[in-house]
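S.K.: need a structure here:
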Amino acid sequence: MSEHNLILHPDRRDLIKAGLAAGAAVWLPWHSARADLPPIGRERTMVLVWGGREGRWVDWDLWNPYSIGSNHQNGPNLVYEPLAYYSAFADKTDMWLAESYAFTPDFKRLTIKTRPGIAWSDGTPFGAEDVAYTINSLRDLGPKVRWGVDVQQAVDKATAADANTAVIDFKIPAPRFFFFMTYKYDIGVYIVPKHIFEGQDWTTFKHFDLGKKWPVTTGPWQVVDASPQQKVFDRRAAWWAADLKLAPLPAVERNIWLPFAGEQQAAQALITNQLDAGNGMQPATFPTMFRQNPKIITYTGQKSPYGYMDWWPISLYVNNERAPFDDKDVRWALSYYLDRKQLIEVGYLGANTPSKLPLPPYPPLLPYFNAVKDLLAKFDTNEFFPKKGDSLLAAKGFKKDGEGFWADARGKRLNIDIIGTGASGPAIGPVLVEMLKRRGMQAGMALPPDFDSRFQKGDYDGAIYGHGGSINEPYATLRLYQGASIAVPGAHQANFSRWKNAEYDKLVDEAYVTAPDDTKKLTEIWRRAMEIWLPELPDIQLVQNYHRIPWNTTYWKNWPTEENAYVNGAHWHLTFAMVLWSLQQA
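M.R.: Numbering: from 1, shown residues only. As a prediction, this is how the structure comes out:
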């Protein structure tokens, strides 16, 4: 088979059609909430599918977003409201629990004014004490919990000057700290209720007791049922933000969240109007869904690429702490063996674009792409040039054995076992493996149910995953490769490649204390950092990530689309509350 005719059998379109036909009679267990709950009509209910493991929620009783094993994507994103929301699509910040904030000129003190009159759902007032308590606890816990390292890096202390004034004093200038706390995509600090969390071990405390109406919330959603089968949120009778006319009380009265049980089952449930929103799907699935239910849409309507470019460009990560992937020449050889155009044609039916750097080409970031154009010409992270890869491996002493596989001087083959997850793993994992095998790499692919745990612990050779970094300036992406962020808990803003470089680390520290709007200085730092990063290639750049989320307009309309891009639409992101209060009954 020629290099330009890579085909995986059977054809994905045929698989999708067969799977949907087989699933036509499927009725998944999401048609009802707990029996003793008051009935709410389907037309006032939002039913969506996302996450879980092997078709069940393993974190159904974890509602403290800082506890080990908890994930804000699985429901806590509706429970804990932020100080502010930021929509990258609208490039707009909405002040929320906080009504204002101000830094001192040296960026070493931040004063946050919280809105008066907000209460937790148990009636306890929300205020500056909750903010100060949250920040001080994260400072003290450090690497034990998500965001602890980031807070510990900068914060000296936080105090409540009065009921609605929180003052944070920093050890170093921290000009982007409020934006770090602001909800956008998966990034933001969850403010917890001091009166409940104080005295608890944050790493084990679950904040779940339906009898006590835990978790408490300041938002419009109360958890009323949680089990391995489903999570149910009912709309509360009143909400402070609606009272202040910051947002309407959601038209949705009940949210039912179901664990993902497979793409074919979810597609069939959307077609039969059991579901209002699915998780990310493969491009081949959409034409069949549109034909069988014309009321299904995506961010781009019913046309390719069936979604929007996420902030999460996808790489083939290799573990820089394991030989031979600790050698930059081996990493570059792997990169030269990969044909991104073919990867997109086979893996995504053409509905994607290559990624050259570990940040998305959003408009505010384009100046940083332009600043390293000449470096990318020299270190072309998308170049498909197998002979260059061969030369690099041969220079390291690898030789091809009798079966055409690269092996070291002792005859041990150069092997890479790749793990994947979500939509990207199944889409491109098999294609990557085939490409590497054809170039003499012994390669394998798996989709382990414990992917997150393995990836975060560094228990992998290769992994397909994205980058939870920058959206409007380069610091957050630079942070992804800093030595201090290795083994940070959580799935975002951590050094998953486990690459270290002391000179690079100093540049990241320099970027941290630079104001986000000092584009000139940040550009200089970014270029110097890329002069180190690009020759090293800590992970191998592949493709952009498109959120191909199917939305059903049978019961709900005003989903975010390219004509009405008020925010990204992922229900697993911290900004999904903005979608819920924007939806209207169809």
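
S.K.: contacts, neighbours, all on C-alpha from now
M.R.: Fine.

S.K.: residue 85 is in contact with residue 183, correct?
M.R.: Yes - the criterion here is CA atoms under 8 Å, and residue 183 meets it with residue 85 at 4.8 Å.

S.K.: what is in contact with the two at once?
M.R.: Taking CA atoms under 8 Å, 6 or more residues apart in numbering as the criterion, residue 183 and residue 85 both touch residue 575.

S.K.: remind me which residues of the stretch 451-586 of the chain are low pLDDT?
M.R.: 487, 491 (pLDDT under 70).

S.K.: could I get the full set of helices for it?
M.R.: 451-457, 475-479, 502-512, 519-536, 576-582 (DSSP state H, counting those that start in this stretch).

S.K.: closest one to residue 44 among the ones you listed?
M.R.: Proximity to residue 44 (CA to CA) singles out helix 576-582 among the helices of the stretch 451-586 of the chain, at 12.0 Å.

S.K.: what residues does that closest one touch?
M.R.: 77-78, 247-252, 558-560, 567, 569-570.

S.K.: can you lay out those as CSV showing distance to residue 547 and neighbour count?
M.R.: Listed next are the contacts of helix 576-582 as CSV, based on distance: CA to CA, whole Å; neighbours: other CA atoms under 10 Å:
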residue, distance to residue 547, neighbour count
77, 18, 23
78, 20, 26
247, 25, 14
248, 26, 15
249, 27, 21
250, 24, 21
251, 25, 18
252, 23, 21
558, 17, 14
559, 14, 23
560, 12, 22
567, 13, 23
569, 8, 26
570, 7, 22
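
S.K.: will you turn these into CSV that also has distance to residue 336?
M.R.: Compiled in CSV, the contacts of helix 576-582 are given as follows (distance: CA to CA, whole Å):
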residue, distance to residue 336
77, 40
78, 43
247, 50
248, 52
249, 53
250, 50
251, 52
252, 50
558, 44
559, 40
560, 38
567, 36
569, 35
570, 33
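
S.K.: which one of these is nearest residue 369?
M.R.: Taking those together and measuring to residue 369 by CA to CA, the closest member is residue 567, at 23.9 Å.

S.K.: for the closest one, what are its contacts?
M.R.: Residue 567 touches 87, 88, 89, 90, 560, 575, 578, 579, counting by CA under 8 Å, 6+ apart.

S.K.: what do you get if the cut-off is 6 Å, keeping everything else the same?
M.R.: Contacts for residue 567 (CA atoms under 6 Å, 6 or more residues apart in numbering) come out as 87, 89.

S.K.: next one: residue 387 from residue 534, what distance?
M.R.: In this view, residue 387 and residue 534 are 20 Å apart by CA to CA, to the nearest Å.

S.K.: more crowded one of those two?
M.R.: residue 534 (19 against 13; other CA atoms under 10 Å).

S.K.: leaving out sequence neighbours, find the closest residue to that one.
M.R.: Among residues not flanking residue 534 along the chain, residue 379 sits closest, at 6.3 Å (CA to CA, 6 or more residues apart in numbering).

S.K.: what score does that neighbour have for pLDDT?
M.R.: We have a pLDDT of 98 for residue 379.

S.K.: can you count the residues close to it?
M.R.: Neighbours of residue 379 using other CA under 10 Å come to 16.

S.K.: find the helix or strand that the nearest residue to residue 101 once chain neighbours are set aside is a member of.
M.R.: Closest residue to residue 101 apart from its sequence neighbours, by CA to CA, 6+ apart: residue 112 at 4.4 Å. Residue 112 belongs to strand 109-114 when assigned by DSSP states H and E.

S.K.: ok, then the element right after that strand?
M.R.: helix 128-141.

S.K.: list of residues touching the helix or strand following that following helix?
M.R.: Sequence-wise, the next helix or strand downstream of helix 128-141 (DSSP H and E) is helix 148-154. With contacts defined as CA under 6 Å, 6+ apart, helix 148-154 is touched by 138, 139, 141, 142, 143, 170, 171, 172.

S.K.: can you pull the contacts of the third one?
M.R.: When contacts are counted by CA under 6 Å, 6+ apart, residue 141 touches residue 148.

S.K.: what's the neighbour count on residue 523?
M.R.: Residue 523: 20 neighbours (other CA under 10 Å).

S.K.: mind giving me the PyMOL command for buried ones among the contacts of helix 148-154?
M.R.: Buried residues within the contacts of helix 148-154, by 16 or more other CA atoms under 10 Å, are selected in PyMOL with:
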select buried, resi 138+139+141+142+143+170+172
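
S.K.: ok, the strand holding residue 112: who's next to it in the sheet?
M.R.: strand 98-103 (antiparallel), strand 165-170 (antiparallel) (DSSP bridges).

S.K.: in a markdown table, list those strands along with mean pLDDT.
M.R.: What follows is the strands paired with strand 109-114, written out as a markdown table (pLDDT from 0 to 100):
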| stretch | mean pLDDT |
| --- | --- |
| strand 98-103 | 98 |
| strand 165-170 | 98 |
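
S.K.: please identify the most buried of these.
M.R.: strand 165-170 (a mean of 22; mean count of other CA atoms under 10 Å).

S.K.: what's next to that one, contact-wise?
M.R.: Contacts for strand 165-170 (CA under 6 Å, 6+ apart): 108-113, 128, 154-160.

S.K.: among those, who's most crowded?
M.R.: In the contacts of strand 165-170, the most neighbours by other CA under 10 Å go to residue 128, 26 neighbours.

S.K.: correct me, but it touches residue 164?
M.R.: Yes - with contact defined as CA atoms under 6 Å, residue 128 reaches residue 164; the gap is 4.9 Å.

S.K.: sorry, back to before: now the strand holding residue 112, how far from the chain's geometric center?
M.R.: 28 Å (CA atoms, centre = their mean, to the nearest Å).

S.K.: stretch 37-55 too?
M.R.: The answer for stretch 37-55 is 22 Å, by CA atoms, centre = their mean.

S.K.: spatially central residue in the protein, please.
M.R.: residue 186 (5.3 Å; CA atoms, centre = their mean).

S.K.: give the next helix or strand downstream of the host helix or strand of residue 268.
M.R.: Under the criterion of DSSP H and E, residue 268 resides in helix 263-271. Counting by DSSP H and E, the next helix or strand C-terminal to helix 263-271 is helix 285-292.

S.K.: now the angle from that next one to helix 263-271?
M.R.: Helix 285-292 and helix 263-271 are oriented at 30 degrees to each other (axes from the mean of the first three to the mean of the last three CA atoms, to 10 degrees).

S.K.: residues of helix 285-292 that come out buried?
M.R.: Under 16+ other CA under 10 Å, the buried positions of helix 285-292 are 285, 286, 287, 288, 289, 290.

S.K.: show me which residues of stretch 529-536 are buried.
M.R.: Buried, per 16+ other CA under 10 Å, within stretch 529-536: 529, 530, 531, 533, 534, 535, 536.

S.K.: now those as TSV including distance to residue 403?
M.R.: What follows is the buried residues of stretch 529-536, written out as TSV (distance: CA to CA, whole Å):
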residue	distance to residue 403
529	41
530	38
531	38
533	35
534	33
535	31
536	30
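
S.K.: secondary structure element for the residue of the chain positioned farthest from its centre, which one?
M.R.: Distance from the C-alpha centroid of the chain peaks at residue 402, with 43.1 Å (CA atoms, centre = their mean). Under DSSP H and E, no helix or strand contains residue 402.

S.K.: going forward, count from 33.
M.R.: Right, with 33 as the first residue, what we last looked at is residue 434.

S.K.: now it: how far from residue 445?
M.R.: 11 Å.

S.K.: one more: residue 573?
M.R.: Residue 573 is 24 Å from residue 445, by CA to CA.

S.K.: go on, residue 238?
M.R.: Using CA to CA, residue 238 is found at 46 Å from residue 445.

S.K.: the more surrounded of those two?
M.R.: Set side by side, residue 238 and residue 445 show more neighbours around residue 238, with 23 against 18, by other CA under 10 Å.

S.K.: follow-up on the earlier one: average pLDDT for the helix holding residue 300?
M.R.: 95.

S.K.: ok, now stretch 345-354?
M.R.: Mean predicted lDDT for stretch 345-354 stands at 97.
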